[in-house]
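*Asks:* model this:
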Amino acid sequence: MTTSTLHCPRCGAANDRNYTACTSCGAVRVINPLDGASPAGPHTKAAPTPPPFTPPPTLTTHPTVTAHPTVTAHPTVPAPAAAAGLPSQAPAPAPRFARDVTRYLCTAVHTDTRFARQAVEQIVEEPRRAVASSPGVDLGCVLRHALAARRRQVRRDIVLAVLLVVVLITVPITVGLTAFLGFFVAWIIVAIESLSVHYGVVAGQLKRENFAPDQAPQPLSSQNRRRIEAIERRDRGNVVVFSQYAPFIGYGPATSTWSFALDTSRPEEGKQVVPFTVHELNDHLAARVGDLKLPGVHVENLLLVNGEDLLYAVDDRTRSALLPDTAGPPKERVAPDLLRELREDGKGRARPYLAVRVTGWSGELATTLFLRCALLSDRKMLFIEGSSSLLAPVREQYRIADQLLGTPTFRQWCTLVGLAGVRAPALLLGAPLSVIAGLFSPLIEHRKQRRQAREIRHRSFNYGASFSIRDAAGDQLYYRYFQQLDRELYAKTVEHRVLDALVEFMEDHNIDSGELIQRQTTINNTGLYAGGNVTLNSSAVGIGGSIAGIFRRTPQPPRGAPVTPGAGGPPATNPLVRPRNRGR
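*Replies:* Numbering: from 1, shown residues only. All right, here's what the predicted structure looks like:
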């Protein structure tokens with residue numbers, strides 16, 4: 001007996017077997033020829049009858065997008081149904097996260113104290129602010145590991161602080177001997193912690209064959225457990241609340257931006273313009289881009305708004321939908337009706353974008369095109385804006401899990417112990433400050449919450465996210481030549497399809513597309529770049545800004561030299577990571 005409902009691969013909600021979009025989260029259904037249904041839609045492809053007794057593939061690699069797209073994903077195909085003589089089952093929710101990039105970020109919080117502190121202080125301990133999206137990353141898993149890392153680091157600092165107190169008390173007796181013994185004991189403590197982290201946690205839990213996101217260490221306090229659960233829900237929303245100048249927080253720095261205006265009142269010769277709405281154009285672009293045969297294509301409608309505008313600058317309906325409680329964080333999701341209303345307006349401070357993301361290299365390389373269309377001047381002028389953002393590969397020292405054995409070699413053991421001796425004096429002297437800060441952390445947190453409440457009363461509080469854990473872990477260099485080529489492939493293919501779909505839409509509505517074709521040629525051949533310092537070089541491989549999508553950062557340090565970390569990034573070297581050839 002077959003089931004009468006199908007579950008959404010994104011949120012798991014039950015829907016009718018012939019649904020086209022989830023009634024709960026709005027995710028567009030990917031048509032699966034094995035589920036026996038064929039929902040109608042202008043962009044829906046016919047589902048062929050599967051051959052008997054043929055096991056289906058585990059994943060659909062190239063999803064088909066239907067009308068009104070919000071999300072395309074890689075859902076898990078259900079088990080063979082009547083054709084294989086087995087009862088049909090509802091499809092299980094697809095994994096939304098890339099395992100490798102999630103493992104690397106878990107490694108980062110365990111091996112880098114500063115990175116773990118930033119993750120906890122700027123995400124977990126900011127309940128009033130929005131959370132920056134981390135495409136491809138299981139943010140809840142990373143934050144659970146960050147809290148576990150911070151607990152271990154606090155215990156280390158307490159032991160070192162006690163040791164420093166003992167040293168200071170006994171210094172008048174034998175100054176030289178006591179100081180030497182104190183340093184030696186601190187060295188042993190730091191070395192033991194470093195070895196346990198690298199070979200007990202990283203090699204034991206975060207290697208590819210051992211990694212289990214659902215077995216991440218749980219927070220000790222119920223408050224932190226509820227907070228991370230709330231963060232996981234917000235990371236699946238359709239609202240991006242930013243606090244800085246650039247609106248695309250969490251999706252990487254902008255690599256190219258282009259925009260132009262088209263006169264939509266000029267018909268083709270001998271024809272009459274067919275009126276259209278901006279929603280029809282948006283849906284057409286989403287459907288055409290979603291048909292691309294690229295890995296990890298993800299299409300959704302996002303609402304972008306500055307967190308400082310929520311209290312006074314947006315209209316009442318948008319404010320009530322995004323901020324029902326001024327004392328709490330912004331909502332992570334708004335209704336499609338509000339998105340349509342704001343897209344129709346086109347000039348508000350909260351603006352909907354069509355986000356087209358392509359993710360490759362196990363989540364390490366993600367390029368996103370943010371596209372916005374607005375009809376102005378009594379629907380006679382169409383303004384089109386495109387901005388590409390890039391999430392670069394993770395720093396090489398965070399990939400150390402792939403290079404560690406079950407037990408350290410003699411060389412690795414000596415390297416870790418030697419580095420512990422270098423770190424021990426600074427950690428020993430800084431331990432009392434860390435312990436004091438921990439003791440006064442409740443008071444500091446109370447004062448921070450009072451300050452934020454005062455800023456809310458004065459309408460000066462910024463609810464936007466200012467820190468992205470995925471952005472902070474990104475490098476400024478590619479580690480494989482093919483990564484640079486694939487970045488070009490993703491970005492240029494998506495841009496080309498968008499511009500082709502625009503021309504197609506204009507011609508379908510009898511609008512003269514000559515000017516649009518000229519602009520398309522300009523963008524495809526040379527690109528239009530706005531903002532930033534650009535170095536043009538046909539062989540450039542580094543990550544910075546570009547015309548035509550090829551970009552680099554100059555100057556490039558010599559092979560094996562430290563790389564200047566990005567915003568909020570930690571030191572860029574790891575003693576166990578061998579330098580490799582990296583693109584300039």
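*Asks:* For Gly386, what is the enclosing helix or strand?
*Replies:* For Gly386, the element it lies in under DSSP states H and E is strand 381-391.
*Asks:* same thing with Arg227?
*Replies:* If you go by DSSP H and E, Arg227 is part of helix 222-234.
*Asks:* go on, Leu262?
*Replies:* Using DSSP H and E, Leu262 falls in strand 254-263.
*Asks:* Tell me what angle that strand forms with strand 381-391.
*Replies:* Relative orientation of strand 254-263 versus strand 381-391 (axes from the mean of the first three to the mean of the last three CA atoms, to 10 degrees): 170 degrees.
*Asks:* State the paired neighbours of strand 254-263 in the sheet, together with their directions.
*Replies:* Paired neighbours of strand 254-263 in the sheet (DSSP bridges): strand 381-391 (antiparallel).
*Asks:* pLDDT of the helix or strand just after the partner strand, averaged?
*Replies:* Moving toward the C-terminus from strand 381-391, the next helix or strand (DSSP H and E) is helix 410-439. The pLDDT scores in helix 410-439 average 89.
*Asks:* Kindly report the same for stretch 218-230.
*Replies:* Averaging pLDDT along stretch 218-230 gives 90.
*Asks:* what's the offset of that stretch from the middle of its chain?
*Replies:* Using CA atoms, centre = their mean, to the nearest Å, the distance from the centre of stretch 218-230 to the centre of the chain it belongs to is 21 Å.
*Asks:* circling back: contact partners of the helix holding Arg227?
*Replies:* Helix 222-234 is contacted by residues 123-124, 127, 130-131, 139-140, 143-144, 147, 218-219, 329, 332 when judged by CB atoms under 8 Å, 6 or more residues apart in numbering. From N, CA and C alone the C-beta is placed, and that goes for glycine too.
*Asks:* Quick check: next helix or strand after that helix?
*Replies:* According to DSSP H and E, the helix or strand after helix 222-234 is strand 239-242.
*Asks:* What is that following strand packed up against?
*Replies:* Counting contacts by 3 or more CB pairs under 8 Å, 6 or more residues apart in numbering; DSSP states H and E, strand 239-242 packs against strand 297-306.
*Asks:* Report all helices and strands that the strand it packs on contacts.
*Replies:* Against strand 297-306 (3+ CB pairs under 8 Å, 6+ apart) you get strand 239-242, helix 278-290, helix 336-345, strand 351-360.
*Asks:* Figure out which of those is closest to His198.
*Replies:* With CB to CB as the criterion, His198 lies closest to strand 351-360 of the helices and strands packed on strand 297-306, at 28.6 Å.
*Asks:* Please name the strands paired to the closest one in the sheet, noting orientation.
*Replies:* Strand 351-360 pairs in its sheet with strand 297-306 (antiparallel), strand 365-376 (antiparallel), by DSSP bridges.
*Asks:* relative to helix 278-290, how tilted is it?
*Replies:* Going by the same axes, to 10 degrees, strand 351-360 is angled at 0 degrees with respect to helix 278-290.
*Asks:* So what's the gap between strand 351-360 and the chain middle?
*Replies:* On CA atoms, centre = their mean, the centre of strand 351-360 falls 11 Å from that of its chain.
*Asks:* Can you tell me what sits against it?
*Replies:* 98, 135-136, 251, 282, 285-286, 289, 292, 294-305, 339, 342-343, 365-373, 486, 490, 493-494, 498.
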